[in-house]
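**Q** Below are the sequence and a predicted model; questions follow.
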Amino acid sequence: MKMKSERGETFSMSFMTYSYDRGKSNGVAKVEHAKLRKKSTQEANQFAEYMLNFIDMDTLEYGTCWEILLLEFDGHELELR
C-alpha cells in the first residue's frame, strides 16, 4: 500500500468497519481505488499506530480503518498469522 501510494498508484482493499466510540460495525467496506494518507499523531488519535488513513480516489473522501481488520488487498485475501 505504502509503495503503491508513493508511486502515485492506487490499490483496492476491503475491511471490516468498526467504531470504537460506538462499539459497532457496519459490516464490510470495499474501496476500489485508494491511496494512503499520512498517519495521525497519537495526540489526534490515541489508536493512530493501529489505524490506516486513506483517501478514496473515486469519491475523494478521507477514511480510516483498523489495520487488524483488513480483509483484502488488491484482490488478495489477507490472513492473520
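**A** Received, thanks.

**Q** can you pull out the helices in the chain?
**A** Listed in chain order, the helices found in the chain under DSSP state H are 2-6.

**Q** Longest strand in it, by number of residues?
**A** When the chain is parsed with DSSP state E, its longest strand is strand 28-36.

**Q** For that one, name the packing helices and strands.
**A** With contacts defined as 3 or more C-beta pairs under 8 Å, 6 or more residues apart in numbering; DSSP states H and E, strand 28-36 has these neighbours: helix 2-6, strand 11-16, strand 51-56, strand 61-66. Every residue, glycine included, has its C-beta placed from N, CA and C.

**Q** and for that strand, what are the contacting residues?
**A** For strand 28-36, the external contacting residues (C-beta atoms under 8 Å, 6 or more residues apart in numbering) are 1-2, 4-5, 9-17, 52-58, 63, 65, 71-72.

**Q** can we see that at 6 Å?
**A** Strand 28-36 is touched from outside by 1, 5, 10-17, 54-58, with contacts defined as C-beta atoms under 6 Å, 6 or more residues apart in numbering.

**Q** Among those residues, name the buried ones.
**A** Buried by 16 or more other C-beta atoms under 10 Å: Met1, Ser5, Thr10, Phe11, Met13, Ser14, Phe15, Phe54, Ile55, Asp56, out of the contacts of strand 28-36.

**Q** Surely the fifth one touches Leu71?
**A** No - in this structure, Met13 is not within contact of Leu71 by C-beta atoms under 6 Å, at 7.9 Å.

**Q** Give me the pLDDT for Leu80.
**A** Predicted confidence (pLDDT) for Leu80: 81.

**Q** Enumerate the beta-bridge partners assigned to Phe15.
**A** For Phe15, the beta-bridge assignment (DSSP bridges) gives partners Ala29, Leu70.
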